[in-house]
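**Student:** My questions are about this predicted structure, shown below with the sequence.
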Amino acid sequence: MSVTILTHPLIQHKLTMLRDIETGVKMFREVVGEIAMLMCYEAMRELPTEDIKVTTPVAVATSKALAGKKLALVPILRAGLGMVDGVLSLVPSAKVAHIGLYRDPDTLQPVEYYCKMPHDISERDCFILDPMLATGGTAAAAATYLKEAGARTVKLLSILSAPPGVEKMRLEHPDVEIITCTIDSHLNDHGYIVPGLGDAGDRIFGTK
């Protein structure tokens with residue numbers, strides 16, 4: 001399984017802002033979107049291109065363009081919604097699917113409550129968006145749903161990861177590449193990433 005850790009100074013600086021308990025809702029939400037945009041740049045590095053001719057103000061040029069590949073963004077509700085706009089700013093033509101999963105606080109297992117996919121999901125390369133890869137339960141469940149729906153390829157973009165989540169994805173979905181900004185040390189007794197940044201959904205939407 002491929003795990004790519006993004007060490008670019010801008011990403012690491014913005015990650016520090018997310019970790020800070022003093023960062024307010026507005027700033028937290030904006031920074032999540034900014035990091036998602038930077039992660040998208042790396043996650044889509046291998047998209048195929050083709051040569052096309054365009055007329056510039058000076059002459060006709062042969063330039064590169066994306067080779068018509070269909071993309072789908074798949075935020076895991078609700079925290080994943082915070083990453084959507086950042087990615088769409090670079091690939092506005094991508095379709096957006098939604099998977100509603102929450103982690104049961106007692107069992108720490110994923111529970112599905114909503115799923116809506118584009119009708120042509122089987123023709124698309126999918127990018128799961130979830131700020132936190134903690135136990136890996138929700139990410140693994142989302143990858144399973146996408147594969148069962150026939151998605152061409154699946155990648156996972158998580159701003160913050162923990163070893164148990166990475167290991168679960170390795171065991172259940174070794175073909176799914178993980179793009180993350182860091183892998184923290186461990187999970188606490190409540191399944192939170194340590195040192196982490198708290199509950200991403202609550203901090204994005206100001207619900208706690």
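**Tutor:** Received, thanks.
**Student:** list the buried ones in stretch 4-17?
**Tutor:** 4, 6, 11, 14-15, 17 (16 or more other C-beta atoms under 10 Å). In this view, the C-beta of every residue, glycine as well, is placed from N, C-alpha and C.
**Student:** Kindly apply the preceding question to stretch 17-25 instead.
**Tutor:** 17-18, 23.
**Student:** Ends of it, what's the gap?
**Tutor:** End-to-end distance of stretch 17-25 (C-alpha to C-alpha, to the nearest Å): 12 Å.
**Student:** do the same with stretch 147-157
**Tutor:** 17 Å.
**Student:** same question for that stretch, mean pLDDT?
**Tutor:** Across stretch 147-157, the average pLDDT comes to 93.
**Student:** Off-centre distance for it?
**Tutor:** Offset of stretch 147-157 from its chain centre (C-alpha atoms, centre = their mean, to the nearest Å): 12 Å.
**Student:** Buried residues in that stretch, which are they?
**Tutor:** 149, 151, 154-157.
**Student:** picking that back up, residue 119: which of the buried residues of stretch 17-25 is nearest?
**Tutor:** Nearest to residue 119, judged by C-beta to C-beta, of those is residue 18 at 35.2 Å.
**Student:** pretty sure that closest one contacts residue 28?
**Tutor:** Yes. At 6.3 Å, residue 18 counts as touching residue 28 under the criterion of C-beta atoms under 8 Å.
**Student:** All the strands of the chain, in order from the start?
**Tutor:** Along the chain, the segments classed as strands by DSSP state E run 3-5, 49-55, 60-66, 71-77, 95-96, 98-103, 110-116, 125-129, 132-133, 153-161, 177-183, 186-187, 193-194.
**Student:** quick one: average pLDDT of the fourth one?
**Tutor:** Averaging pLDDT along strand 71-77 gives 94.
**Student:** re earlier: check the buried residues of stretch 17-25 against residue 91 and report the nearest one.
**Tutor:** Nearest member of the buried residues of stretch 17-25 to residue 91, counting by C-beta to C-beta, is residue 18, at 22.8 Å.
**Student:** any low-confidence regions in the protein?
**Tutor:** 1, 103, 108 (pLDDT under 70).
**Student:** biggest helix in it by residues?
**Tutor:** helix 25-43 (DSSP state H).
**Student:** Could I get the strands of the chain in TSV, plus columns for distance to residue 204?
**Tutor:** Listed next are the strands of the chain as TSV, based on distance: least, C-beta to C-beta, whole Å:
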stretch	distance to residue 204
strand 3-5	22
strand 49-55	34
strand 60-66	29
strand 71-77	11
strand 95-96	17
strand 98-103	15
strand 110-116	18
strand 125-129	12
strand 132-133	11
strand 153-161	11
strand 177-183	16
strand 186-187	20
strand 193-194	15
